Structure formats: C-alpha cells, structure tokens
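Visitor: Build me a model from this:
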Amino acid sequence: MRVAKDRTLEAARQRLDRALDRLEKVAGLLSGRRQTVAPAEVAALKAERDRLQAKLKEIEQSYAELQKVTRLVAGRLDGAIGRVRGLTQG
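Guide: A predicted model of the protein is given here:
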C-alpha cells in the first residue's frame, strides 16, 4: 500500500512539475518574446497548478496519516511478538 501511495505522490509531483514548466514557458513568452499566449491558456494553466497543488497536499496528508498508522501497527506487532516469545520461552 505504501508503494502505491509513493507512486501516487510521485505522479502528482511530476504533474505539478509539468504544469510549472508550462507556466514558466508562458511567463517567458509574456516577458518579451514575440509570441502571444491566450489568456484562457494562462488561466487554464493556473487552474491546473492550483488543482495539482491541492491534490499534492491531500496526498501528503494521507501519507502522514499512513505513517502514523504504520508506527502504531509496528508497535502493536512488536508487543505481540514479545508476549508470544515470553509464552514460548517461559
């Protein structure tokens, strides 16, 4: 499950990077190049960036929650293993 979340997080970061690259391209075009960019394209890119940032934040929060659960489960498993060892050795 962690691997899937890591892949999802990485995929979101890659989409965010691509959106930022496109925004930088648009910024470069607007800052003096002769080509023009349609305002609708700029707005669409900004909307995509905002959506990707929100998704990335959501994924990072989910990841943090999974880390907490993993630590809790690991602690409970360690305790159970210790009790079983105590019973088998005692």
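Visitor: Show me the shaky parts of the protein.
Guide: 1-2, 29-37 (pLDDT under 70).
Visitor: Would you agree Trp22 is in contact with Ala44?
Guide: Actually, residue 22 is Arg rather than Trp. No - look at Arg22 against Ala44 with C-beta atoms under 8 Å: they stay out of range, at 9.5 Å. C-beta coordinates here come from the backbone N, C-alpha and C atoms, glycine included.
Visitor: Which one of these two is surrounded by more residues?
Guide: Between Arg22 and Ala44, counting by other C-beta atoms under 10 Å, Arg22 is the more crowded of the two (16 against 13).
Visitor: Identify the residue nearest the more buried one in space, chain neighbours excluded?
Guide: The shortest distance from Arg22 to any non-neighbouring residue, by C-beta to C-beta, 6 or more residues apart in numbering, is to Leu45 (5.4 Å).
Visitor: what sits against that neighbour?
Guide: 19, 22-23, 26 (C-beta atoms under 8 Å, 6 or more residues apart in numbering).
Visitor: In ChimeraX, select just the buried ones from those residues.
Guide: One line in ChimeraX is enough to select the buried ones among the contacts of Leu45; burial here means 16 or more other C-beta atoms under 10 Å:
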select :19,22,26
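Visitor: ok, Lys5 - how many residues close by?
Guide: Neighbours around Lys5, by other C-beta under 10 Å: 14.
Visitor: Quick check: which element contains it?
Guide: helix 2-30 (DSSP states H and E).
Visitor: angle of the helix or strand where Leu87 lies against helix 2-30?
Guide: Element membership for Leu87 (DSSP H and E) is helix 39-89. Helix 39-89 and helix 2-30 are oriented at 160 degrees to each other (axes from the mean of the first three to the mean of the last three C-alpha atoms, to 10 degrees).
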